[in-house]
Structures are given as structure tokens and as C-alpha cells.
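Asker: Okay, here's the prediction I keep looking at, along with the sequence it came from:
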Amino acid sequence: MRVHFIAIGGSAMHNLAIALHLKGFTVSGSDDEIFEPSYTRLNKYGLLPENIGWDSKKITDDIQAVILGMHARADNPELLEAQRKNIKIYSYPEFLFEQSKHKMRVVIGGSHGKTTITSMILHVLQIVGFKTDYMVGAQLDGFEVMVKLSESAKWMVMEGDEYLTSPIDRVPKFLHYHPNIAVISGIGWDHINVFPTFENYVHQFKLFIDCIEPEGSLIFFEDDIEVTKLAEHSAVKKLPYSIHPHHVEHGVTIIHDADTSYKLSIFGRHNMANLSAAHLVCKEMGVSDEHFYNAISSFKGASRRLELFASNGDSFIYRDFAHAPSKVKASIIALKEQFSEKKIIACLELHTFSSLSEGFINQYRNSLDAADVAIVFYDPHAVALKRLPEISFQRLREAFGREDLYLFSNKEQLISFLLNQKDLSDVYAFMSSGSFNGLDLNKLSNELGITSI
């Protein structure tokens, strides 16, 4: 089959392109910008476009399907040409469903934790030799690609994103997947640019539950009030979960099953909740408790999800994709519980449309309270690109509820402040879906005397 990707350079799109190439499809693509790691990975498989930019001439008559990325616009010349030629156009999630419609589908949704839960499930299944197709939102150790599609696997495990599908299909991605097993990890308002009210955002998860296949099941975090309300009104099989019982000994989190103890490489109450969700999914898929716990003990976490970046044994640097208020709060509390005797320096970049919006910023109240030193950074260029007015430093202090909040909009000033804070027993957390305006974390780690790992 010959397929063409419009916006092939996206994190999800380039992985799907590689997966289809490995499956034997003939794949081409276009984009107006391609960054790392997409550039190198596409080049490795011979899928890197010869020229950057859009060109309607690339939509040739032999193309059987076009896969449209969210990055493209509705007036994209290649999209318009594909529509003129009546070529079948799929969004990314529509094509994933097309490839998995005869399989048993597991879809992990929620405002937070979905990448980690999906990663935990895939880690366990790989260790126990359970073959499955998958799509996950982060690169995992031991996995070549973030998307795998085959003819033989009975199951498909997918991370379910509530963001919009494509420029011409403005519904949440996860509404296309129709799960046999669905997970909702929690609901915390996000994506204010497309879901302007909390009620509107919550409604998307109701629609997700409504998409569960007959005889399917819903696994949900029972400590979340909003999720529990939605579950109560659903007729599907319901499997609630909570935070897995655990304790910490000498900086190591330990869990128990029957008479056996298991030491974990991960920590934090939010990860113990994620582990419970993954356990229930694996159990529904046929994995025994013993096999699950033996396998999960070697799980080191998903990329950039409270990921240890550098350590000298006394000081630690973590990088975290956390950017929504609930994620930020959970990550800092986890670090404080894990390193109760150390100073926690939390550095949050406001990078998303929601986080930089006056109408949303109050959602961050108390999210940084567990940090000993709380820092907020934003790049004025990112604010300008989103066509948003800058929020004053004083307004940010009011929103976060901390008068001692340190605020920076200049990368060099941020670095200088961090170097002046240097101590032999600090824990640093860099939290963002961006890059702190190109901050070189390797260089900063060395300047702080903390070697990257």
C-alpha cells in the first residue's frame, strides 16, 4: 500500500511512518519543519523528505491513502490536492484504528499518567513474552519504535490523547479508538484553547466511556471525584483502582504481593497509582500477578517522566514532562517524599497555551508548595507565537500562591540563579513540555557538579 504523510515530522506521525515502512508499506511524507529526533530517525529508514515544505505535486495518482497530522492546516496545498483527487484521508488515530479494528484494543486515557501507564504495560508484556501491537507517546528502553503494527498480534495497546484529531476532524483522538479495555487515570482541566470550560473538558471523557465496546471494561482511578462520577453512570464493567500500598526504605520504594516483596526503580504516590492501573490491565489481558510484579520491578520509567538525568550520589537532577497543574504537583510531592532530607529546587516552564493563559493560570495555585525553592520560567517568544499577552510576575505569584516564587523570562538569568543556589545535597526538577528556550541541561549539570547519566 502506498501512503503519504502530511506533517511527517511530528513525534507520533514519524513513528507511525516508520511502523508502516517496517510493515511493508511504501511511505512518503512532507513537512515544513523537522526537528530531532524525528529528523535522524526518518533519515535512518530512508523516509526523510528530500525537500522541506509543502508541494501539491507530491500527491500523485498512485497514493492510496493520505495520513494528516495535526500540525498541518486546513488549507495545506497537499491536503487540498488529495481532496481534489478523492484520495482517502485518514487522521493519525483513524489510521491506527483501521490497522487494529480486528484486534482487542486497550486504550489508556486521562489528563496525567497515561504515557507511564502505557509504558508499564508494554514493559511487562515484553518481559513475559506477550506479543502486542502498540502506540505510546515516549521512547522506551528496549523498544525500537513508539508504534508497532503487525498482522499476528491479537492485542493493540494505545495511549489515548484527548487533544483534537486533525485540522479537519476536531474531536479528541481517543474517540476514534473504541477500546475493549479503557483506562482513565484522572481528570484535570487542560487544553483551554480547545476546551474552554472544565465542564466541556470533562464531557470528552464521558464520550470516551461511551465509545467502549459492548462487553468491554473501564479501569478508573477511584480517588478522582470526576472520574468516579462518570463511571457511576456507565453500564460497562467497572474496575476501580487506587494507590498501590508501598513503603520507602533507604530511598527505595517497596511493594508487596502476598508474601513477596519487590523493590522498584520508580517512586511517588502518582506512580503507585499508575502501577495499579497497569496491573489491572495486564490482569485483564491474562498476565498473572507473579509475572506482573516480577516484571514491573525492573521498570525504570518512561522518557522524561520524572526521569533521572544526572546524579553525583548526593545531588540529583530530574527532567519531567509535567506541565499541567496536577502533574506538576504530583511530581514535586513525589520528590519531596523520596528525598525528605534534601532541598527540592523545582523549575517549571510555562510553555503550553493553557499555562500561559490568564484564564487558566489560577489552576496552578499550590502546585509548587512542596518545593523548597520554586521557580517559574517562560520564554517571551513562546508567548508571542501563541499571540497571548504576557502575564506580570506579580500576577504569577498571586496565581501560584507563593510570594517567594522566583520568576525568570531570560534563560541566562535563570542559569545564573541556579548556579548561585548550588549545594551538595540538592534535588533539581526541570518540568516542561518545552526546552527552557534551548537550555543545555548537560552543560548546566556539569557546572553544578552533577554528572549526567
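Answerer: Ah, there it is.
Asker: least trustworthy helix or strand in this protein by mean pLDDT?
Answerer: helix 380-385 (a mean of 87; mean pLDDT, DSSP states H and E).
Asker: and the next element down the chain from that helix?
Answerer: Sequence order places helix 393-400 as the next helix or strand after helix 380-385, per DSSP states H and E.
Asker: For that next one, list every residue counted as buried.
Answerer: By neighbour count on 16 or more other CB atoms under 10 Å, the buried set for helix 393-400 is 396-400. No exception for glycine: its C-beta is placed from N, CA and C like everyone else's.
Asker: circling back to that earlier point, just the CA trace of the least confident helix or strand of the chain, in PDB.
Answerer: Extracted in PDB, the C-alpha atoms of helix 380-385 (Å, rounded to 0.1, in the frame of the first residue of the first chain):
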ATOM      1  CA  PRO A 380       8.600  35.700  25.800                       C
ATOM      2  CA  HIS A 381       9.000  34.400  22.200                       C
ATOM      3  CA  ALA A 382       6.700  31.500  23.000                       C
ATOM      4  CA  VAL A 383       4.100  33.900  24.400                       C
ATOM      5  CA  ALA A 384       4.300  36.000  21.200                       C
ATOM      6  CA  LEU A 385       3.900  32.900  19.000                       C
END
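Asker: Can you give the contact residues for it?
Answerer: Residues outside helix 380-385 that contact it (CB atoms under 8 Å, 6 or more residues apart in numbering) are 351, 356, 389-390, 409, 434, 437.
Asker: Quick one: mean pLDDT over stretch 284-302.
Answerer: Per-residue pLDDT values over stretch 284-302 give a mean of 96.
Asker: Quick check: buried residues in that stretch?
Answerer: 284-285, 287, 291-297, 299, 301-302.
Asker: Show me which of the contacts of helix 380-385 are buried.
Answerer: Those of the contacts of helix 380-385 that meet the buried threshold are 351, 356, 409, 434, 437, by 16+ other CB under 10 Å.
Asker: State the helix or strand in which the last one lies.
Answerer: Mapping N437 onto the secondary structure by DSSP H and E places it in no helix or strand at all.
Asker: Quick check: it touching Q413?
Answerer: No: applying CB atoms under 8 Å, one finds N437 not in contact with Q413, separated by 11.2 Å.
Asker: Can you pull the domain assignment for the protein?
Answerer: 2-86, 95-296, 307-447 (automatic domain parsing).
Asker: And the helices in the stretch 301-450 of the chain, which stretches?
Answerer: 325-338, 380-385, 393-400, 411-420, 441-447 (DSSP state H, counting those that start in this stretch).
Asker: Pick the most buried one from these.
Answerer: Mean neighbour count, computed with mean count of other CB atoms under 10 Å, is highest for helix 325-338 among the helices of the stretch 301-450 of the chain, reaching a mean of 22.
Asker: Tell me how many other residues surround K386.
Answerer: 13 (other CB atoms under 10 Å).
Asker: about what we covered before: turn the buried residues of stretch 284-302 into CSV, columns for distance to A382 and secondary structure.
Answerer: As requested, those are exported to CSV (distance: CB to CB, whole Å; DSSP: H, G, I helix; E, B strand; the rest coil):
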residue, distance to A382, secondary structure
E284, 41, helix
M285, 41, helix
V287, 42, coil
H291, 45, helix
F292, 41, helix
Y293, 43, helix
N294, 44, helix
A295, 40, helix
I296, 37, helix
S297, 40, coil
F299, 33, coil
G301, 27, coil
A302, 24, coil
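Asker: where in the protein is pLDDT low?
Answerer: 452-453 (pLDDT under 70).
Asker: ok, the residue of it most remote from its centre to I87 distance?
Answerer: Taking CA atoms, centre = their mean, the residue of the chain most remote from its mean C-alpha position is D61, at 36.4 Å. Noted for D61: a distance of 9 Å to I87, by CB to CB, to the nearest Å.
Asker: cool, F5 as well?
Answerer: With the distance defined as CB to CB, F5 ends up 13 Å from I87.
Asker: now do G109
Answerer: 31 Å.
Asker: So which of these two has more stuff around it?
Answerer: G109 (30 against 18).
Asker: Once you drop chain neighbours, what's closest to the more buried one?
Answerer: Once flanking residues are discounted, G109 sits nearest to G160: 3.9 Å by CB to CB, 6 or more residues apart in numbering.
Asker: burial measure for that neighbour, as a count.
Answerer: Using other CB under 10 Å, G160 has 27 other residues around it.
Asker: surely it meets V107?
Answerer: Yes: counting by CB under 8 Å, G160 does reach V107; the two are 4.1 Å apart.
Asker: Find the residues that touch each one of the two.
Answerer: Joint contacts of G160 and V107 (CB under 8 Å, 6+ apart) are 174, 177, 179, 182.
Asker: State the phi and psi torsions of the last one.
Answerer: So that's A182. phi -120, psi 140 (degrees, to the nearest 10).
Asker: Now do it against V281, distance only.
Answerer: When distance is defined by CB to CB, A182 is 10 Å away from V281.
Asker: Tell me the residues that contact both of those two, please.
Answerer: Common neighbours of A182 and V281 (CB under 8 Å, 6+ apart) are 106, 219.
Asker: In the protein, which residue is most central in space?
Answerer: T115 (4.7 Å).
Asker: Using the three-state scheme, assign it.
Answerer: At T115 the chain is in helix, as set by DSSP: H, G, I helix; E, B strand; the rest coil.
Asker: residue contacts, the closest residue to R365 other than its chain neighbours?
Answerer: Using CB to CB, 6+ apart and skipping the chain neighbours, the partner closest in space to R365 is G401 (4.6 Å). By CB under 8 Å, 6+ apart, the residues touching G401 are 365-366, 369.
Asker: Tell me the buried residues within these.
Answerer: In those, nothing passes as buried (16+ other CB under 10 Å).
Asker: so which of those residues comes closest to S217?
Answerer: Of all the contacts of G401, the one with the least separation from S217 (CB to CB) is N366, at 34.5 Å.
Asker: wait, isn't that closest one in contact with K329?
Answerer: Yes: with contact defined as CB under 8 Å, N366 and K329 form a contacting pair (7.2 Å).
Asker: what about H102, how many neighbours?
Answerer: With other CB under 10 Å as criterion, H102 counts 9.
Asker: Let me see the contact set for it.
Answerer: The contact partners of H102, by CB under 8 Å, 6+ apart, come to none.
Asker: now it: how far from N200?
Answerer: H102 sits 34 Å away from N200, going by CB to CB.
Asker: for L16, same thing?
Answerer: In terms of CB to CB, L16 sits 29 Å off from N200.
Asker: same thing with L68?
Answerer: 24 Å.
Asker: Tell me which of those two has more neighbours.
Answerer: Set side by side, L68 and N200 show more neighbours around L68, with 27 against 12, by other CB under 10 Å.
Asker: Serialize the buried residues of stretch 284-302 to CSV and add fields for distance to E50.
Answerer: Output for those, formatted as CSV (distance: CB to CB, whole Å):
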residue, distance to E50
E284, 46
M285, 42
V287, 45
H291, 47
F292, 47
Y293, 50
N294, 48
A295, 43
I296, 44
S297, 47
F299, 40
G301, 37
A302, 33
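Asker: Name the nearest of the residues you listed relative to E81.
Answerer: A302 (37.8 Å).
Asker: Fine by me, we can end here.
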